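>>> A structural model of the following input is requested.
(2 chains)
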Amino acid sequence: MDQIGTTAIWLGVAVSAYAVVASLVGVKAGVGELVVSGRRAVYMGLLAAFVAAAALMVAFLSNDFSIEYVANNSNIVMGRGYTLVAFYAANEGSLLYITLALALMASISVRLAPVRFAGAMPYTVAILAVVMAFLFATMATMANPFETSAVVPVDGRGINPLLLHPGMYSHPPLIMAGLVGITIPFAFASGALISGEYGDDWVDIARVFAIIMWGVLGIGMLLGAWWAYTILGWGGYWSWDPIENVALMPWLVLTAFIHSIMVQRRRGMFRMWNIVLIDVAFVLAQLGMSINRGGSVVSVHSFAESSLGLLFLSFMVLSLVFAFGLFVWRYPRLRSERAIESFMSREASFLVNNFLLLVVTAITLWGVVYPVFSNLARDVDVSVSAPYFHRVNGPVLLLMVVVMGIGPLLPWRRTSTRSLQRWLMAPMGAAAMTVIGLVAFGVWEFWAVLGFAAVVFALVAVLEEWWMGAKARIVNMGEMPWVAWWRLVNGNRPRHGGYIVHVAVLSVAIGVIGTQFFDQRYDAAIGLGESLVLDDYRIEYVDKRIDDRPDRLAQWARIDVYEIDPSDYAAEQAAADAIGKAGFTVVTEQRPGDRYVGELEPSHEFFRNFNQVAVRSGIETSPVEDLYVIPRDFLEDDRVSLAVSINPLAMWLWIAGPIFVLGTLVALWPHPVLERAARRRREEVVQSDVPVAALEA
Amino acid sequence: MWHLVNQRVLAGSTLGVWLGLVSMLAVSVAACVREDDLTTDQRVYQLSTQLMCPVCDGQTLDQSQAQLSLDMQAVIREKVEEGDSNAAIREYFVDRYGEVVLASPDAGGFNLVAWAMPVVIFLGGALLVGNAYLNMRRKKREANAASEVVVAARDEDREDSVDVEDDLEDYLERADREIAAAVGRPELMEGDGKV
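Next comes the predicted model:
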């Protein structure tokens, strides 16, 4: 197996390199056959990556421990279902995985590229093949997953226990594929630039792939957050860890890109800007892959750590130089012929949206590199973690929610103040009522109130837009409201898909505000039969279970959750308050008013091989709040040390997931009529440029 | 006409800048510790979100299940119960583990750079965007003036035709809205109020 795999990887190097040379020579010398052959070499690269991946899979399935990578990431007892994840659980295999993902997406995009784009295709193919060649060559020379060892171990080391979870099937591969996939829109943009076909043809296919990568990254991050929250017992869902940040940054820039690219499609503006955005997204994705490969920053995600960080960083610098050079070279030809007409227009609101997204990106980048900077500048190590990012990014994100509300209400080109005022009435009113309502209910947290008001503002703006659109259909055609809404959405899928995604983002915002401002946390140790009374819950430690195996010590706490009337326990609470332990109290008996809600079975596992603790949380969830229990430690005297949190509105973070996917799919769904219209509009603009040039001459 | 718009833009960007500044100030004020109002547990939790676990990559104390993290939280509890201030407790850990134990750098000394940069980024970005926008306006104005002089009727014809085509979708969209707004309000309609 190792020979097949290694050979396939070297073949991958060869065909990718050939694709670069053939495409470039073919287009320069005008040999059509070479260009076609270069394109087909990309497909051969896919075949090579596929064969290598299959070989590794077979090696895993047959427990071929002569291959170091298999020995390090698998063992005999490991479930065969996890072969698929062990495949990309560490550095070498994940490199093979991203190579396969890139080769696949490159092949699809090359196959789907419109004929109109043929002039730029050789350059696009060459750029795709350069990145493929880089990945193949890195594997071949520095990180071969098929490296064999002289001494064959009897059994493998096994996979990192934190990764033994179904979440492993989705979160890491999505993030890795999303990052490497940004190469596709970048290659199309750069290909168009090099060829001099700087028209807008690259925009259509780049948009499709940019939205796909953006959706993949977005859902990958959300799944990672969900995994961390529900399973890993990290307590939080997003900790502004460097690895999380390097996935977030390209996503933010892609968000800016898929907004501002609409302006180019619609109004022929922002041409230069869109190139800059896709370049920045690509370079940030390279940074992401570099940091994933370890070295420069400390992260909780150091699963694939290796010495390749520096190599990927160098590749990033090369990409940056290439993209920047290309841009400067073609700068004079990229000017857009139109200017923004009014600040009160949708294109201007896109400008503000881009500005805010890039500010968050830049600030996040600064937070990621500051520890390195501090180390270099004064030889002091510092940490930059969640508390920093909350403070510096929080206000900008809040502004972004507000802009998300105003933007859709602004028509293209310009609007009158009066019309805007009329449209703003409902959202503003709803936001004001939210503030009054929250304050009346005793919610005084300034930023939380402001945050909720902004969310309601943006939500009502979208609903108003939908309501006004659907109303005409309901009244005139007698359609059912939801039918009217669906037809409205279908009338302009890119736009309304975007609005659906906005709703998903607002749902995330609700969850973030709830959990960040109103979470409560209690740490206590209780014995069997004892209960913890907090807020309006009583949680009783009923039983425990132990599973002692050679590789791990696993313990489960069975916990019954009751909803209570806190006044039933007023006496105990007062006694606890008196000794300064306010917040919770430990009791041994129960009151008749307690209502049984459910049973939780959080676990605590110690993995001996890895000297590592993994906990799984128990969660009693509802749209209002989550009761979240982690067993931190099982003590000698049969007590268990629990970390109990109440996380308000956490469920809304996960509700956003399906809405996000729906919106992305709606926006992506092909829309022949609109696309033809956009193309016609562009062609007219291009044609109409001719007489002006003639006149000037 | 133009100077009015420009003023509005200026007012807008000034407002944006102020909003940003005020936000950041307010956040720093809001984040100031109100230790006295909190219970022991709340303070232990608060501090454990502000300190990193030294042996676990990138996790704060509250997230980590490592033994050292649990021990450090026990130390925090002890010190809170003894009446130490949050600042003193942070200082205690910095003395032992170095600055790296703080989850976010203190805003003082060299680390002011860490906190100042976001403000610089925001203001710098706002300046760039505002400037780009004003440039666009200026060019458009100049182009308009030039085209009036050089190519009179013909060019205008062309621009109009492009604009009409281009605006059709926008126009229809606006018309839809207006119709929707007017439906059920016969006073705004001619005829019997049906569309």
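
>>> Quick one: the helices in chain B, in order.
Under the criterion DSSP state H, chain B contains helices at B:2-30, B:40-50, B:67-81, B:86-97, B:112-149, B:153-182.

>>> Tell me the helices and strands packed up against the third one.
Meaning helix B:67-81. Using 3 or more CB pairs under 8 Å, 6 or more residues apart in numbering or on different chains; DSSP states H and E, the elements in contact with helix B:67-81 are helix B:40-50, helix B:86-97. All C-beta atoms are positioned from the backbone trio N, CA, C, and that covers glycine.

>>> residues near residue A:325, how many?
By the criterion of other CB atoms under 10 Å in any protein chain shown, residue A:325 has 10 neighbours.

>>> Next one, pLDDT for it please.
You'll see residue A:325 listed with a pLDDT of 91.

>>> For it, give me its contacts.
If you count contacts by CB atoms under 8 Å, 6 or more residues apart in numbering or on different chains, residue A:325 has none.

>>> in what helix or strand does it lie?
Here residue A:325, judged by DSSP states H and E, is contained in helix A:309-330.

>>> What of residue A:490?
Taking DSSP H and E as the definition, one finds residue A:490 inside helix A:481-491.

>>> ok so, going back, can you say which of the helices and strands packed on helix B:67-81 is packed in most?
Ranked by mean neighbour count, those are led by helix B:40-50 with a mean of 21 (mean count of other CB atoms under 10 Å in any protein chain shown).

>>> before we move on, the earlier item: the helix holding residue A:325: which residues count as buried?
A:309, A:311-313, A:315-316, A:319-320, A:322-323, A:326-327, A:330 (16 or more other CB atoms under 10 Å in any protein chain shown).

>>> re the thing from before, any idea which of the helices and strands packed on helix B:67-81 scores lowest on pLDDT?
Among the helices and strands packed on helix B:67-81, helix B:40-50 scores lowest, at a mean of 87.

>>> That helix relative to helix B:86-97, how many degrees between them?
50 degrees (axes from the mean of the first three to the mean of the last three CA atoms, to 10 degrees).

>>> Convert helix B:40-50 to PDB, retaining C-alpha atoms only.
The C-alpha trace of helix B:40-50 is given here as PDB (Å, rounded to 0.1, in the frame of the first residue of the first chain):
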ATOM      1  CA  THR B  40     -17.700  34.600  45.900                       C
ATOM      2  CA  ASP B  41     -18.700  32.200  43.200                       C
ATOM      3  CA  GLN B  42     -19.300  34.900  40.700                       C
ATOM      4  CA  ARG B  43     -15.900  36.400  41.300                       C
ATOM      5  CA  VAL B  44     -14.200  33.100  41.100                       C
ATOM      6  CA  TYR B  45     -15.900  32.500  37.800                       C
ATOM      7  CA  GLN B  46     -15.100  36.000  36.500                       C
ATOM      8  CA  LEU B  47     -11.400  35.600  37.400                       C
ATOM      9  CA  SER B  48     -11.300  32.100  35.900                       C
ATOM     10  CA  THR B  49     -12.500  33.500  32.500                       C
ATOM     11  CA  GLN B  50      -9.700  36.100  32.700                       C
END
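
>>> helices or strands up against that helix?
Here helix B:40-50 touches helix A:386-406, strand A:520-526, helix B:67-81, helix B:86-97, going by 3+ CB pairs under 8 Å, 6+ apart.

>>> Nearest approach to residue A:379 belongs to which of those?
Of all the helices and strands packed on helix B:40-50, helix B:86-97 sits nearest to residue A:379, with 15.9 Å by CB to CB.

>>> what residue ranges in chain B are flagged as low confidence?
B:1-37, B:147-195 (pLDDT under 70).

>>> rerun at 90
B:1-46, B:53-67, B:69-70, B:81, B:83, B:106-109, B:129-195 (pLDDT under 90).

>>> Break it into its domains for me.
Using automatic domain parsing, the domain ranges for chain B come out as B:34-104, B:113-184.

>>> among those, which is the most enclosed?
Each of the domains of chain B was scored by mean neighbour count; the highest is domain B:34-104, a mean of 18, by mean count of other CB under 10 Å.

>>> Now residue A:448: closest residue in space that isn't a chain neighbour?
residue A:517 (4.0 Å; CB to CB, 6 or more residues apart in numbering or on different chains).

>>> Quickly note the distance from residue A:203 to residue A:492.
The gap separating residue A:203 from residue A:492 is 17 Å, by CB to CB, to the nearest Å.

>>> More neighbours: the two, which one.
Neighbours were tallied for residue A:203 and for residue A:492 using other CB under 10 Å; the higher tally belongs to residue A:203 (22 against 17).

>>> three-state assignment of that one?
helix (DSSP: H, G, I helix; E, B strand; the rest coil).

>>> show me what contacts it?
Contact partners of residue A:203, counting by CB under 8 Å, 6+ apart, are A:261, A:264-265, A:274.

>>> pLDDT check: weakest of those residues?
Lowest confidence among the contacts of residue A:203: residue A:265, with 79.

>>> pLDDT weak spots in the stretch 251-400 of chain A?
A:261-274, A:288-314, A:327-351, A:371-372, A:375-376, A:378-381.

>>> so where do the strands sit in it?
Counting by DSSP state E, counting those that start in this stretch, the stretch 251-400 of chain A has no strands to list.

>>> can you pull out the helices in the stretch 101-250 of chain A?
A:121-141, A:171-181, A:183-195, A:201-227, A:242-267 (DSSP state H, counting those that start in this stretch).

>>> if you look at the last one, does any of it touch chain B?
Okay, so that is helix A:242-267. Yes. Using CB under 8 Å from any CB of the partner chain, helix A:242-267 reaches chain B at A:242, A:267.

>>> Give me the angle between that helix and helix A:201-227.
Computed with the same axes, to 10 degrees, the direction of helix A:242-267 lies at 150 degrees from that of helix A:201-227.

>>> starting at the chain centroid, how far to helix A:242-267?
Distance, stretch centre to chain centre, for helix A:242-267: 11 Å (CA atoms, centre = their mean, to the nearest Å).

>>> So which elements touch that helix?
helix A:171-181, helix A:201-227, helix A:271-292, helix A:346-378, helix A:672-696.

>>> ditto for the shortest one
For helix A:171-181, the elements it packs on are helix A:91-112, helix A:201-227, helix A:242-267, helix A:271-292, judged by 3+ CB pairs under 8 Å, 6+ apart.

>>> could those be laid out in JSON lines, adding distance to residue A:499?
Listed next are these as JSON lines, based on distance: least, CB to CB, whole Å:
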{"stretch": "helix A:91-112", "distance to residue A:499": "27"}
{"stretch": "helix A:201-227", "distance to residue A:499": "15"}
{"stretch": "helix A:242-267", "distance to residue A:499": "12"}
{"stretch": "helix A:271-292", "distance to residue A:499": "21"}
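
>>> which one among the buried residues of helix A:309-330 gets closest to chain B?
Among those, residue A:309 lies closest to chain B (CB to the nearest CB), at 14.4 Å.

>>> Okay, that closest one and residue B:137: tell me how far apart.
Counting by CB to CB - residue A:309 and residue B:137 are separated by 45 Å.

>>> do residue A:61 as well
65 Å.

>>> Perfect, that will be all.
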